[in-house]
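Q: Kindly generate the corresponding structure for this input.
(2 chains)
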There are 2 protein chains.
Amino acid sequence: MGKCQRAEGSEVRLKSPPDIPVEKLNAQAVERMARGRIQLMSVGRALETIPRMRSNMILHPGPPVAWDHMTAALQGAIVGALLYEGIAETEDQARDMSIRGRVIFEPGQDHHAVCPSASVISPSMPVLIIRNETYNNFSYCTLNEGPGRVLRYGAFKTEALERLRWIEKTLAPVFRQAIAAAGRIDLSNIMSQAVQMGDDLNQQTRAATALLIRVMSPHMARTCSNREMLAQILSFIDSHNPFFQNLAMAAAKAALEPAQGIPGSGVVTALGSNGTDFGIQISGLAGDWFVTPIHPPDGLYLPGYSTLDAQPVTGDGALLEGYGLGAFILAGAPANMRFLGGSTAEAVQITQDMYAISAGESIQFSIPALDMRGSPLGIDVQKVAAAQRLPRFYAEVIHKQPGVGPVGAGLWQPPLACFEAAAAAIRQEQSE
Amino acid sequence: MGKCQRAEGSEVRLKSPPDIPVEKLNAQAVERMARGRIQLMSVGRALETIPRMRSNMILHPGPPVAWDHMTAALQGAIVGALLYEGIAETEDQARDMSIRGRVIFEPGQDHHAVCPSASVISPSMPVLIIRNETYNNFSYCTLNEGPGRVLRYGAFKTEALERLRWIEKTLAPVFRQAIAAAGRIDLSNIMSQAVQMGDDLNQQTRAATALLIRVMSPHMARTCSNREMLAQILSFIDSHNPFFQNLAMAAAKAALEPAQGIPGSGVVTALGSNGTDFGIQISGLAGDWFVTPIHPPDGLYLPGYSTLDAQPVTGDGALLEGYGLGAFILAGAPANMRFLGGSTAEAVQITQDMYAISAGESIQFSIPALDMRGSPLGIDVQKVAAAQRLPRFYAEVIHKQPGVGPVGAGLWQPPLACFEAAAAAIRQEQSE
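A: Alright, predicted model coming up:
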């Protein structure tokens, strides 16, 4: 077994019921995931919206990580956030405050929030408020910043900060008014349709972004009195296919959380990477992160770049695979597989492999190419450990130097160690 | 051989060159189709925009048909158009004028125009102006009227006429201004993407409609000063997935026309149905319609409806199959096949069958599920006749009573007779 660290949470847990077979417990977790109906409800300021957010707190992707173990890109995003907040006035000051422990760093996922790539959430940032109406739980994410030298790639210079201010002053208020006019935006509906339209909702969110514009633009037109501003916003979203990715990630979070806390279940309910470590949580031991160090992934690199330039996978994107999307649904999105250099047959094979390590199937995301079979849903750590077969995650590879951004893409496999450790831990729970 | 009538056009034709094998001639026709780049350029009034349009002329779908041979639904649409124009003041007057020959009826396709379902084009209607920039030819279509009791289903009462006026006074001017601000809208780009997103662009245009809104909405926001009007227009399009269908049909027309006039080629360059007859034109005998009577199609009917309620397939939609889309690309849109009650395997089989009767493959529309093979392009009447294998066309089945609208859908096969007659005619040309 490789190196895996367990970071214990503070949640109170029930003991595993002795008589119920583990398959039933896992099926229950999957059913909860599958039944979630996810809605976009509003936009709020992080400090007043996200539970247990504090004015000197920064939320980051993946499992817990201390400042001095963070990658340069994640540190860059934190510097950017502290400058944007006005908490620090210079880069040096931001680094100094971080080193001295004047800033609190916590995983976004421990606050029901998600951080795509190396993005972070600071107190003044506007966050989208997502609700799982089936179970009445909430999740949160920032608005996608678009392309360029932006915070989620570790940038902290003028361009990144101006984009954040534009989002706060322009994009977020228009979104909030439009959502209020609409009542709510049905993300489950958009996501189901988008999967039928070849989106995997991680690498590819072109259809979902288009459907979001379709649904929201009439309400934007009705509520935004500044025509040039409205045109800019619509152009901004139109020119950026990944716009929906943040929403998809937060929707996955909102769908996975109700599956937490089933004693004895080894279904993965939280997962992500902070750039240093990859970590998972499982239903029966919710709150505990099983954490393993990671390295830059193999993949398809842009000309002139290699793993030497890349930083390890960063961000909460693996939540999408945990929700039966991303690489798990490649059979339904073979064009995305071809982009990564694979064939349609390989795309189907990957999805088939993911069925073998999943506890169930989605009732919401079905795969046209597999005669509308539901996508593989609910990673089962015991199946992963027993078969020694790892899940596949879509990875956007970003440069390790803050702000440079994407240098490649690939399908990566996280370390086995955290799955083995989680499987051993839940086995022990089951047998006690 | 079944019954087929040949309606000869007036086009001047060259003789078939004796030394060039027919495969080469057909490949040339397909290459011309494949290379078209189609753009939406503007919106104009039919009378001033469509070549040889006249103030007492109505353009209809499919091959030529006289008033007393038209179906009730097509007659209904014509009555509606005459009332909308103010040419007639009552239904009786409209019918009377039509019977007495005071109105000229011609196929839209003989004017580079297309008519979806039982829709017609009358002089005052706004038409979208589509350009094939590769060959600098144009095509025309009306704006899709949306759902309900509308002209394209033969309706001619208040609801249908009010919708036409709203299109003329509201939708069309906003479209014209937005397109002018954009310069042009790249339909080829939208259509290529939409095919990757599971659209077949005949039965299913959900992705293309969403992409059209993505591209046009910023320009609409910039040019439309009435926010409530803009919101209404965006809602209208958002709530109607088939909105793009008219554009797709006109794009196919613009792409197919340059393939006309290659002496000796038996590739189908025009095709459609007027509800009474189905007709085709082939490249080497452009201008001549090969026409055969048709009957209501089998298919998936809404509860309570059967072929007894249906009228035969009506509209120029088969142009889409002629352009390698619709039923020809079902392998890439298996969800659409399942809607019709078939499996993914059957969808793939239909596309494979269409390769066998096509002269080539698209370079623009590729099928993810077939490892990005280009869709079957250019129906070859000689292959159809030799293999006795008919093309498949997607058909929206509409009620024979004017205005009732869709009662089913299916994949239908046109009569073999017109393909056999065209094959015989072109064989004679080739051997002369």
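Q: Can you name the element that comes right after the helix or strand bottoming out on mean pLDDT in chain A?
A: One helix or strand of chain A scores below all others by mean pLDDT, DSSP states H and E: helix A:334-339, with a mean of 81. On the C-terminal side of helix A:334-339, the nearest following helix or strand under DSSP states H and E is helix A:344-356.
Q: anything in that next one near chain B?
A: Yes: using CB under 8 Å from any CB of the partner chain, helix A:344-356 comes into contact with chain B via A:Thr344, A:Ala345. Heads up, the C-betas are built off the backbone N, CA and C, glycines and all.
Q: Can you list the buried residues in that helix?
A: Using 16 or more other CB atoms under 10 Å in any protein chain shown as the test for burial, helix A:344-356 gives A:Thr344, A:Glu346, A:Ala347, A:Val348, A:Ile350, A:Thr351, A:Asp353, A:Met354, A:Tyr355.
Q: distance of the second one from chain B?
A: The reference is to A:Glu346. Distance of A:Glu346 to chain B, computed by CB to the nearest CB, to the nearest Å: 10 Å.
Q: give the contact list for the nearest residue to that residue once chain neighbours are set aside.
A: Leaving aside its sequence neighbours, A:Glu346 sits nearest to A:Met337 (CB to CB, 6 or more residues apart in numbering or on different chains; 6.1 Å). Contact partners of A:Met337, counting by CB atoms under 8 Å, 6 or more residues apart in numbering or on different chains, are A:Leu330, A:Ser343, A:Thr344, A:Glu346, A:Ala347, A:Ile350.
Q: Identify, from the residues you listed, the entry nearest to B:Glu11.
A: When those are ranked by distance to B:Glu11 (CB to CB), A:Thr344 comes first, at 43.5 Å.
Q: Distance-wise, check the closest one relative to A:Arg149.
A: Distance of A:Thr344 to A:Arg149, computed by CB to CB, to the nearest Å: 36 Å.
Q: A:Glu432 now?
A: Between A:Glu432 and A:Arg149 the computed distance is 52 Å (CB to CB).
Q: So which residues on the stretch 51-200 of chain A come close to chain B?
A: Taking CB under 8 Å from any CB as the contact definition, the stretch 51-200 of chain A meets chain B at A:Gln193, A:Gln196, A:Met197, A:Gly198, A:Asp199.
Q: coming back round to it: between the buried residues of helix A:344-356, which is nearest A:Arg389?
A: Closest to A:Arg389 out of the buried residues of helix A:344-356 is A:Asp353 (6.4 Å), distances taken as CB to CB.
Q: quick one: the closest one and A:Ala387 touch, right?
A: No: checked against CB atoms under 8 Å, the pair A:Asp353 and A:Ala387 is beyond contact range at 9.2 Å.
Q: Just give the number of residues close to the closest residue to A:Arg35 other than its chain neighbours.
A: Residue nearest to A:Arg35 in three dimensions, not counting chain neighbours: A:Thr134, with 5.2 Å by CB to CB, 6+ apart. Applying other CB atoms under 10 Å in any protein chain shown, we find 16 residues neighbouring A:Thr134.
Q: just the one 3 residues further on next, same as before
A: Look at A:Asn137: counted by other CB under 10 Å, it has 17 neighbours.
Q: Can you check what pLDDT the model gives it?
A: pLDDT for A:Asn137: 98.
Q: my guess is it meets A:Ala255, correct?
A: No: between A:Asn137 and A:Ala255 there is no contact under CB under 8 Å: 9.4 Å.
Q: for A:Ser10, helix, strand, or coil?
A: Classification of A:Ser10 by DSSP: H, G, I helix; E, B strand; the rest coil places it in coil.
Q: State the number of residues packed around it.
A: One way to gauge burial is a neighbour count; for A:Ser10, by other CB under 10 Å, it gives 7.
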